[in-house]
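Asks: sequence plus the predicted model coming up.
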Amino acid sequence: MYLLEKSTGAIHEVILGATSENGGTRAYTLTIGGEGCLPFQNYEGANPHRALVAAEVWDYDPADWPQELRDVWGGALESATSWAKAAIDSGADMIYLKLGSADPDNGGRSPEECSATVGEVLKAVDCPIAVAGCGVIEYDRPLITKISGDYAGENLLIGLASQENYATYAAACLGNGHCLIASSPLDINLCKQTNILISEMNLPIDRIVIDPSIGGLGYGLEYSYSVLERGRLGALGGDKMLAMPVIGFIGAEAWKAKEAVAPEEDFPGWGGGKTRGILWEAVTATSLMQSGMDILVMRHPEAMKTVKRQIEALMQPVRI
């Protein structure tokens, strides 16, 4: 006889995007969270929303990306709008737009120019989108303030807020109706502390998504899984400061691996070079989503399709 485990807590639901009825322009919204059990164990509790696959799109051509990625996107890399359209056509649920060109090393575009790009992407696709700065605090602060105000009511998912810059992000999201990505190093206590700081600024916890940092297959995946699972268990045990959905940057981590990008002629025993990186990303994603990840930010369209098939299969009801 199987002994069912019932949780006392649950993950907060977070709604992404806003339709015209709620002041936005999206054709539909997406909801994540709501789990009252460990991932896909729907026989023990609620598992109402499937994990989402977000395509990582940059606002400039990422010349240092592996050739396999550059080849598969081809001419779509010429602009964020064409890239976003191609990603949605490839099956992505939403777009994660990285405004890396705000960094002077990548062009130094102004907040106004970057904000215009966000507007162009919003017009090009009708799904909810996430928007992140370049990762340099001094450039991201005015950038995020500008974008959050320009698109008030769109309910963007804005990142990345850390303990160094959370006040600017939380204020921008609170005042303009957006959700926030709370980022921290791979440490459950730092993750929780960041969430506490943000919630103390009165941003509702059902508008916070956690980025606890991750490692890819062969490069920290096991430790990442353990930390994420610990956080999910804490949330299901009633810890409200851990009870937020989780986002992970799968593609960025997976395609760092030498095994994903090394030429086949250098390592013939590793298998085909064109499929190896795809599998490296897909395995990283399918592993981490079973630790409780709600948004998988990915790079290769074939890896996205593989993971979405796995998600659909795992979401099927199970009888005990």
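Replies: Looks like it arrived, so ask away.
Asks: quick one: the helix or strand harbouring Ala235 to chain centroid distance?
Replies: Following DSSP states H and E, one finds Ala235 within helix 221-236. In terms of Cα atoms, centre = their mean, to the nearest Å, the centre of helix 221-236 is found 17 Å from the chain centre.
Asks: so where do the strands sit in the protein?
Replies: For the chain, applying DSSP state E gives strands covering 14-16, 30-32, 52-58, 94-98, 129-132, 157-161, 179-183, 208-211, 247-248, 295-298.
Asks: any chance of a markdown table for the ones you listed, columns mean pLDDT, distance to Arg70 and mean neighbour count?
Replies: The way it works is simple: take the backbone N, C-alpha and C, and place the C-beta from them, glycine included. Converted to a markdown table, these look like this (pLDDT from 0 to 100; distance: least, Cβ to Cβ, whole Å; neighbours: other Cβ atoms under 10 Å):
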| stretch | mean pLDDT | distance to Arg70 | mean neighbour count |
| --- | --- | --- | --- |
| strand 14-16 | 98 | 29 | 23 |
| strand 30-32 | 98 | 28 | 21 |
| strand 52-58 | 98 | 12 | 25 |
| strand 94-98 | 98 | 16 | 25 |
| strand 129-132 | 98 | 21 | 26 |
| strand 157-161 | 97 | 25 | 25 |
| strand 179-183 | 98 | 26 | 26 |
| strand 208-211 | 98 | 26 | 24 |
| strand 247-248 | 98 | 23 | 28 |
| strand 295-298 | 98 | 16 | 28 |
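Asks: how about those strands in JSON lines, adding distance to Pro111?
Replies: JSON lines is the format used below for the strands of the chain (distance: least, Cβ to Cβ, whole Å):
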{"stretch": "strand 14-16", "distance to Pro111": "23"}
{"stretch": "strand 30-32", "distance to Pro111": "27"}
{"stretch": "strand 52-58", "distance to Pro111": "17"}
{"stretch": "strand 94-98", "distance to Pro111": "14"}
{"stretch": "strand 129-132", "distance to Pro111": "12"}
{"stretch": "strand 157-161", "distance to Pro111": "13"}
{"stretch": "strand 179-183", "distance to Pro111": "18"}
{"stretch": "strand 208-211", "distance to Pro111": "22"}
{"stretch": "strand 247-248", "distance to Pro111": "24"}
{"stretch": "strand 295-298", "distance to Pro111": "23"}
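Asks: state the distance from Ala260 to Gly216.
Replies: Applying Cβ to Cβ, to the nearest Å, the value for Ala260 to Gly216 is 8 Å.
Asks: now do the shared contacts for the two.
Replies: Residues touching both Ala260 and Gly216 (Cβ atoms under 8 Å, 6 or more residues apart in numbering) are 254, 280.
Asks: that older thread, for Tyr225, which of the strands of the chain is the nearest?
Replies: Nearest to Tyr225 among those is strand 247-248; the distance by Cβ to Cβ comes to 10.7 Å.
Asks: contacts only, for the nearest residue to Ser79 once chain neighbours are set aside.
Replies: Using Cβ to Cβ, 6 or more residues apart in numbering and skipping the chain neighbours, the partner closest in space to Ser79 is Glu120 (8.0 Å). Going by Cβ under 8 Å, 6+ apart, Glu120 touches 79-81.
Asks: surely Ile147 and Val131 touch.
Replies: Yes. Counting by Cβ atoms under 8 Å, Ile147 touches Val131, with 6.0 Å between them.
Asks: measure Val297 to Ile198 for me?
Replies: Taking Cβ to Cβ, one finds Val297 at 20 Å from Ile198.
Asks: swap in Asn47?
Replies: Distance from Asn47 to Ile198, by Cβ to Cβ: 26 Å.
Asks: quick one: which of the two has more around it?
Replies: Just comparing Asn47 and Ile198: by other Cβ atoms under 10 Å the higher neighbour count belongs to Ile198, 25 against 21.
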